[in-house]
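A.B. asks: No letters, just coordinates:
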């Protein structure tokens, strides 16, 4: 199963070093808070799927008052609209890097070729053999990054101070060295990072659908298709027909450990990777007044490894290529699932035909719209800003609140989140929603 591509170290390679260059160590706390909030969303969303055997989007199609599926379609359409931004944005970043290190062609040409190639490989298969090599190479790079944290001798007291919430301000030199960046609203810049950390609803909708391949909990039932039809036929607001006997409740509680473990491991990795890149960015890029932007979105970070040994520059280039191309490859199927889980609860015929019926349409949509962004916008941060704000913050917060409401309405008390879990998801939902509303206002004004 292809995992969610940004619940890995991918964002750490561009957003945390950029944040550190602009703000120093001052945003460490923000990355940790955002990761904790996204972890609450990931766990509660996937837990519901595993314990009940149905996708939350399917239940939302009938849970909320009004026309059938309005909430599911609204949240899903916003998420699907954000998809090309991440494909185009990461394609541009990798394309610019390839154009720089090869001195052949332009970033846009490289991005176009890489996006098309990743789509073809996803459609026909053929990347699986490289995934093990990718894991090993990226692992070696991250080990070198960890060593470089020690070699660069960061200001550990300043790093610890960065764990305390403060109002962020650009470093004083930014206005003179990068006037275009300095004109960008601080809040909007921050929103891009917080939305990128851990992904957004465009990822979580699809990832929860792909959990069927893992067959955790109720997803392991042999009659999954029949179960989906029976649950879809329940009247609005009806409790799910889940046994409340002691043995079954204990089994349901045990099932929730799988998504919990998955979430803990994923977000622990995100926090560690982002922290390492951010500490290095503050101790090296900020000191040298270098901001990862434009054609240099990924190039300056190679200095983290050359600080250990000059030849490690090549390890960085190879590892970044594999990591970003691996993300591009994973996007196609993941986001096809996102579209399927959005539309199938509303359109019964699609639910019966399956996810593969949407593949040609989603692949074509992703290809055309992402390439349009590559050639008309051509800047990673600008391309992903709306997607990060809307899908990474606003709808993510609404999803947290919707999951709590869903549990209250359709699950027996024994199957709901614990009190601590509910508070975790509630506070995360409020935080992400408020950040999303404020950031959307900044985006529109």
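C.D. replies: Yep, it's here. Keep in mind that what you see is a predicted model, and the values were worked out from it rather than measured. Numbering: from 1, shown residues only.

A.B. asks: only C-alpha atoms for contact and neighbour calcs from this point on.
C.D. replies: Noted.

A.B. asks: which residues in the stretch 1-150 of the chain form helices?
C.D. replies: Counting by DSSP state H, counting those that start in this stretch, one finds helices in the stretch 1-150 of the chain at the ranges 15-23, 28-52, 56-63, 70-102, 107-124, 128-151.

A.B. asks: Pick the most deeply packed of these.
C.D. replies: Looking across the helices of the stretch 1-150 of the chain with neighbours counted as mean count of other Cα atoms under 10 Å, the highest average goes to helix 15-23: a mean of 28.

A.B. asks: Mind giving me the packing neighbours of it?
C.D. replies: helix 186-196, helix 257-280, helix 286-288 (3 or more Cα pairs under 8 Å, 6 or more residues apart in numbering; DSSP states H and E).

A.B. asks: contact partners of that helix?
C.D. replies: Applying Cα atoms under 8 Å, 6 or more residues apart in numbering, the contact partners of helix 15-23 are 26-27, 168-171, 174, 190, 193, 196, 274-275, 277-282, 285-286, 289-293, 301.

A.B. asks: If we use 7 Å, what do you get?
C.D. replies: 168-171, 174, 193, 274, 277-278, 281-282, 285-286, 290-292 (Cα atoms under 7 Å, 6 or more residues apart in numbering).

A.B. asks: Any stretches of the stretch 151-300 of the chain with poor pLDDT?
C.D. replies: Residue ranges of the stretch 151-300 of the chain with pLDDT under 70: none are present.

A.B. asks: Give the closest residue to residue 17 in space, chain neighbours not counted.
C.D. replies: Leaving out its chain neighbours, the residue that sits closest to residue 17 by Cα to Cα, 6 or more residues apart in numbering is residue 281, at 4.5 Å.

A.B. asks: Reduced to three states, what does residue 237 come out as?
C.D. replies: What DSSP: H, G, I helix; E, B strand; the rest coil gives for residue 237 is coil.

A.B. asks: Pull the contacting residues for it.
C.D. replies: Residue 237 touches 63, 409-410, counting by Cα under 7 Å, 6+ apart.

A.B. asks: Could you give the backbone dihedrals for the residue nearest the centre of the chain?
C.D. replies: The C-alpha lying nearest the average C-alpha coordinate of the chain belongs to residue 199 (Cα atoms, centre = their mean; 1.5 Å). Dihedral angles of residue 199 (phi, psi; degrees, to the nearest 10) stand at phi 90, psi -170.

A.B. asks: from memory it sits against residue 392, does it?
C.D. replies: Yes. Using Cα atoms under 7 Å, residue 199 is in contact with residue 392, at 6.0 Å.

A.B. asks: Any figure for the gap between residue 371 and residue 344?
C.D. replies: 27 Å (Cα to Cα, to the nearest Å).

A.B. asks: Compare those two and say which is more crowded by neighbours.
C.D. replies: residue 371 (25 against 20; other Cα atoms under 10 Å).

A.B. asks: circling back to that earlier point, distance check, the residue nearest to the centre of the chain against residue 331.
C.D. replies: On the measure of Cα to Cα, residue 199 and residue 331 end up 12 Å apart.

A.B. asks: cool, residue 315 as well?
C.D. replies: 24 Å.

A.B. asks: neighbour count winner among the two?
C.D. replies: Taking other Cα under 10 Å, residue 315 and residue 331 do not tie; residue 331 has more neighbours (28 against 18).

A.B. asks: SS state for that one?
C.D. replies: helix.

A.B. asks: Next, work out how far apart it and residue 321 are.
C.D. replies: Distance, residue 331 to residue 321, by Cα to Cα: 15 Å.

A.B. asks: Let me see the contact set for residue 232.
C.D. replies: Applying Cα under 7 Å, 6+ apart, no residues contact residue 232.

A.B. asks: wait, residue 374
C.D. replies: 88, 92, 108.

A.B. asks: Just the pLDDT for the second one.
C.D. replies: Pointing back at residue 92 there. On pLDDT, residue 92 comes in at 97.

A.B. asks: what do you get for residue 5?
C.D. replies: 44.

A.B. asks: And for residue 345?
C.D. replies: Looking at residue 345, the pLDDT reads 94.

A.B. asks: Now do the phi/psi pair for it.
C.D. replies: phi -70, psi -20.

A.B. asks: I'd like the distance between the closest residue to it other than its chain neighbours and residue 152.
C.D. replies: Nearest non-adjacent residue to residue 345, counting by Cα to Cα, 6+ apart: residue 58, 4.8 Å away. According to Cα to Cα, residue 58 stands 50 Å off from residue 152.

A.B. asks: One more: residue 194?
C.D. replies: On the measure of Cα to Cα, residue 194 and residue 152 end up 26 Å apart.

A.B. asks: Have a look at the two and say which one is more surrounded.
C.D. replies: It is residue 194, of residue 194 and residue 152, that has more neighbours when counted by other Cα under 10 Å, with 28 against 15.

A.B. asks: With adjacent residues omitted, what lies nearest to that one?
C.D. replies: Spatial nearest neighbour of residue 194, excluding adjacent residues (Cα to Cα, 6+ apart): residue 34 at 5.6 Å.

A.B. asks: I'd like the contacts of residue 237 as TSV, with distance to residue 212 and pLDDT appended.
C.D. replies: TSV is the format used below for these (distance: Cα to Cα, whole Å; pLDDT from 0 to 100):
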residue	distance to residue 212	pLDDT
63	22	95
409	24	96
410	21	96
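
A.B. asks: so which of these would you say is closest to residue 354?
C.D. replies: residue 63 (22.7 Å; Cα to Cα).

A.B. asks: so the closest one touches residue 236, yeah?
C.D. replies: Yes. Taking Cα under 7 Å as the definition, residue 63 is a contact partner of residue 236 at 5.6 Å.

A.B. asks: need the contact list for the closest residue to residue 307 other than its chain neighbours.
C.D. replies: Leaving out its chain neighbours, the residue that sits closest to residue 307 by Cα to Cα, 6+ apart is residue 148, at 6.4 Å. By Cα under 7 Å, 6+ apart, the residues touching residue 148 are 304-305, 307-308.

A.B. asks: Nothing else from me, thank you.
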